[in-house]
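> okay, predicted coordinates and the sequence, questions at the end:
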Amino acid sequence: MATTQYTVTGMTCGHCEMSVREEVGAIQGVDDVRVSAKTGELVVTASAEIDDAAVLAAVEEAGYSAVRA
């Protein structure tokens with residue numbers, strides 16, 4: 001298992017969290033997505049290393065921006 005942490009900016013509510021969770025969760029190999037609008041933290045757990053670019057693109061698709069923490 002590989003766990004990677006990101007910092008997401010622009011989230012303000014539970015709907016924001018759900019949007020990010022859905023987009024990142026759709027990436028092949030992702031097993032778990034934890035996201036908090038309050039802290040801006042996104043934690044992605046996968047069975048193998050996931051390409052950072054794929055995660056960042058998924059967050060952008062949800063309408064937010066992120067950087068690897």
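That came through, no problem.
> please enumerate the helices of this structure.
14-25, 52-61 (DSSP state H).
> which among these is found nearest to Thr4?
Closest approach to Thr4 among the helices of the chain is made by helix 52-61 (7.2 Å; Cβ to Cβ). (C-beta placed from N, C-alpha, C; glycine too.)
> what packs against the closest one?
When contacts are defined as 3 or more Cβ pairs under 8 Å, 6 or more residues apart in numbering; DSSP states H and E, helix 52-61 packs onto strand 2-9, helix 14-25, strand 41-46, strand 65-68.
> now Val59: closest residue in space that isn't a chain neighbour?
The shortest distance from Val59 to any non-neighbouring residue, by Cβ to Cβ, 6 or more residues apart in numbering, is to Ala66 (4.1 Å).
> go on, Thr12?
Nearest to Thr12 is Ala37, by Cβ to Cβ, 6+ apart, at 5.8 Å.
> you'd agree that neighbour is up against Arg21?
No. Applying Cβ atoms under 8 Å, one finds Ala37 not in contact with Arg21, separated by 10.9 Å.
> what residues does stretch 59-69 touch?
4-11, 16, 19-20, 22-24, 41-42, 52, 55-56 (Cβ atoms under 8 Å, 6 or more residues apart in numbering).
> rewinding a little: what's the closest of the helices and strands packed on helix 52-61 to Asp32?
Short answer: strand 41-46, nearest of the helices and strands packed on helix 52-61 by Cβ to Cβ, at 4.1 Å.
> quick check: buried residues in that closest one?
Under the neighbour-count criterion of 16 or more other Cβ atoms under 10 Å, strand 41-46 has 42, 44, 46 buried.
> what does stretch 16-34 give?
With the criterion 16+ other Cβ under 10 Å, stretch 16-34 contains buried residues 16-17, 19-21, 23-24, 27, 30, 33.
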